[in-house]
Structure formats: C-alpha cells, structure tokens
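Engineer: I'll drop the sequence and a predicted model, then ask my questions.
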Amino acid sequence: MRIRGLHKAFGDLEVLRGIDITVQRGEVVCVIGPSGSGKSTLLRCVNLLEEPTSGTVAVAGTEVTDPDVDIDQVRRRIGMVFQSFNLFPHLTALENLTLAQRRVLRRPKGEAVRVGRANLERVGLSDKEDAYPAQLSGGQQQRVAIARALSMDPELMLFDEPTSALDPELVGDVLAVMRSLAQEGMTMLVVTHEMSFAREVADRVVFMDGGVIVEEGSAERVVGAPRHERTRAFLARVLDPAAAPPPVPGPPVSGPPVPGPPVPGEVGKG
Ligand SMILES: Nc1ncnc2c1ncn2[C@@H]1O[C@H](COP(=O)(O)OP(=O)(O)O)[C@@H](O)[C@H]1O
Ligand SMILES: [Mg+2]
C-alpha cells in the first residue's frame with residue numbers, strides 16, 4: 001500500500017496535511033498518535049470511506065484514488081476492523097461471516113459457510129458459530145469481526161483501535177489473533193495504543209500529530225527512543241497515564257466537582 005501526499009479537509013478543518021506511508025506486502029505498520037490527530041481519517045481514506053482532498057493511495061497496484069476506479073472492487077480487497085465491532089445483531093456469528101461473501105463475492109452458500117467456519121476457527125471461535133452478537137463478549141465480537149474481514153480474502157487489513165472498546169481482560173485474545181495474522185504474513189495497518197503489541201509485532205511505527213507524520217521508524221526506535229518532544233509527551237501519557245496526565249484545557253477547576261465527562265488520565269486515580 002502506498003500513500004503519497006495525502007490531504008483531507010472537512011470544510012476549513014485540515015485533518016490530514018500531507019501524509020506519505022508505504023506498507024510492503026507482509027509488513028505490519030502501527031500508527032499511534034493523540035486523539036484528533038487524523039488516524040481514523042487516514043484509514044478511512046485508504047478504503048474510500050472518505051474521499052481524499054488530494055494525494056494518491058494505491059493498494060496492490062491499483063490506484064484507489066483514480067476517479068475511474070470501481071470502489072466496490074477496491075473495498076473487497078481491503079478488510080477493515082473498527083473499534084465498535086459493527087456486527088449485524090440479528091445474524092449469528094457464522095451468518096455475519098457468510099453475508100458479504102455471498103452478496104459481494106457471489107460465493108455459493110456451501111463455499112461461504114466453509115470459508116466462514118475456517119475463519120471462525122482461525123480466531124478461536126469454532127464453538128460460537130450459532131451465537132448472536134449479544135451472546136458474545138466484546139472480545140469475541142471483535143474476533144468475529146476480524147474473521148468476517150478475513151473471509152473476504154483481503155490483501156490488506158486496516159485496524160482502527162480494535163481493542164479500545166474492550167474490557168482490559170479481553171484485549172489479550174484480540175491481540176493474539178492479530179499477532180498470529182501478522183505471523184501468517186498478512187499486510188496490516190493498525191491504529192493502536194497498545195505499545196507492547198506495537199513493539200512486539202510492528203515492523204514500523206508511525207507517530208502522527210496534527211495531521212502530519214512527526215516521526216517513524218522501528219518500534220524499538222520510536223517507542224524506545226523517541227526523537228521528538230511531541231512523541232515523548234504522547235508516549236508518557238499512553239505508557240503511564242497516572243504519572244503524566246494530559247494538559248487539561250481551561251482554567252483549573254476549584255470548588256465542588258463539576259459534572260462532565262471523565263478526564264483521560266484521571267480515571268482510576270486515587
Ligand atoms: N466527517 C467529519 N466531518 C468533520 N470533521 C471530522 C470528520 N471526521 C473527522 N473529523 C475531524 O477530524 C479530526 C481528526 O479526526 P480523526 O481522524 O477521527 O482522529 P483520530 O482518529 O486520530 O482521533 C478531528 O478534529 C475530527 O473532529
Ligand atoms: Mg480514531
């Protein structure tokens with residue numbers, strides 16, 4: 001996958017300001033960066049859920065940003081896994097896996113079921129094929145979502161914070177599935193805050209802030225010895241939220257607690 005000079009603006013808001021990333025076949029690249037830095041928008045531009053303002057994206061030799069390209073043809077080659085699992089609640093795990101295979105790839109039912117079962121086994125959920133999403137834990141739902149993407153035989157897998165919505169004890173099972181995919185040689189672009197996963201699995205780590213790539217390199221280099229102050233500050237917050245809370249916007253609050261959303265970094269403190 002090759003991204004060159006990618007820009008994306010929503011009205012006056014420039015979210016991506018010239019991104020260049022190459023992911024070789026079989027490579028795993030992790031993207032890290034603060035909330036709002038444009039990570040999701042970047043992934044969404046790769047499979048054209050968002051239309052780039054300028055720049056090019058090519059996947060497996062096809063220029064996906066070519067105006068003449070068949071978008072459906074592009075999307076079926078790219079698997080995407082979201083933070084929220086996006087399973088169909090009224091379909092069983094196996095039915096969630098066979099639907100797109102049959103509708104988009106026009107696979108006969110028997111073949112779609114066979115491929116679906118093989119992928120449920122790959123994510124360790126062979127015994128859950130008849131379960132509905134509501135009967136599964138978040139980690140199991142996310143593994144079904146991964147199996148669904150794999151059932152389309154993607155050439156590239158995009159993951160957008162796949163473990164962020166999970167209870168801590170369920171994160172490991174999802175990361176284990178992703179780790180085994182990487183070992184099988186899947187090409188993966190992964191937005192994650194799981195630094196130990198990035199260090200262990202990523203061939204490269206890209207740190208984004210404010211719509212640009214601030215630095216990139218091996219996980220060891222970027223996570224272990226960041227060169228830029230912005231990277232250091234971000235990593236300090238992610239690796240030890242209690243020790244280095246993010247700057248809280250606005251004047252210091254005194255007096256009784258003000259109702260409002262929890263402040264990241266304050267959670268679990270005290
Ligand atoms: N569809 C949209 N319309 C307007 N603004 C958007 C849209 N999608 C994202 N943004 C804005 O773009 C910025 C980057 O968002 P996002 O790519 O989701 O960042 P990240 O995933 O790094 O948290 C944010 O300021 C967000 O509010
Ligand atoms: Mg995001």
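Structural biologist: Now that the structure is in, tell me what you want to look at. Ligands and ions are numbered 1, 2, ... in the order given.
Engineer: kindly export stretch 166-177 (C-alpha atoms) in CSV.
Structural biologist: Only the C-alpha atoms of stretch 166-177 are listed here, as CSV (Å, rounded to 0.1, in the frame of the first residue of the first chain):
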residue,chain,number,x,y,z
LEU,A,166,-12.8,-3.8,25.3
ASP,A,167,-12.6,-4.5,29.0
PRO,A,168,-8.9,-4.9,29.8
GLU,A,169,-9.1,-8.7,30.4
LEU,A,170,-10.5,-9.2,26.8
VAL,A,171,-7.8,-7.3,25.0
GLY,A,172,-5.2,-10.1,25.0
ASP,A,173,-7.3,-12.5,23.0
VAL,A,174,-7.9,-10.0,20.2
LEU,A,175,-4.2,-9.0,20.1
ALA,A,176,-3.3,-12.7,20.0
VAL,A,177,-5.4,-13.1,16.9
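Engineer: what are the buried residues along that stretch?
Structural biologist: 166, 170, 171, 173, 174, 175, 177 (16 or more other Cβ atoms under 10 Å). Every C-beta, even on glycine, is put in place using the N, C-alpha and C of the backbone.
Engineer: how far does the helix or strand containing residue 97 sit from the chain's center?
Structural biologist: If you go by DSSP states H and E, residue 97 is part of helix 93-103. Offset of helix 93-103 from its chain centre (Cα atoms, centre = their mean, to the nearest Å): 21 Å.
Engineer: also stretch 69-78?
Structural biologist: That offset, for stretch 69-78, works out to 18 Å (Cα atoms, centre = their mean).
Engineer: thinking again about what came up before, show me what the helix holding residue 97 is in contact with.
Structural biologist: 87-88, 91, 107-109, 111-113, 115-117, 119-120, 125, 128-133, 136, 144, 147-148, 151-152 (Cβ atoms under 8 Å, 6 or more residues apart in numbering).
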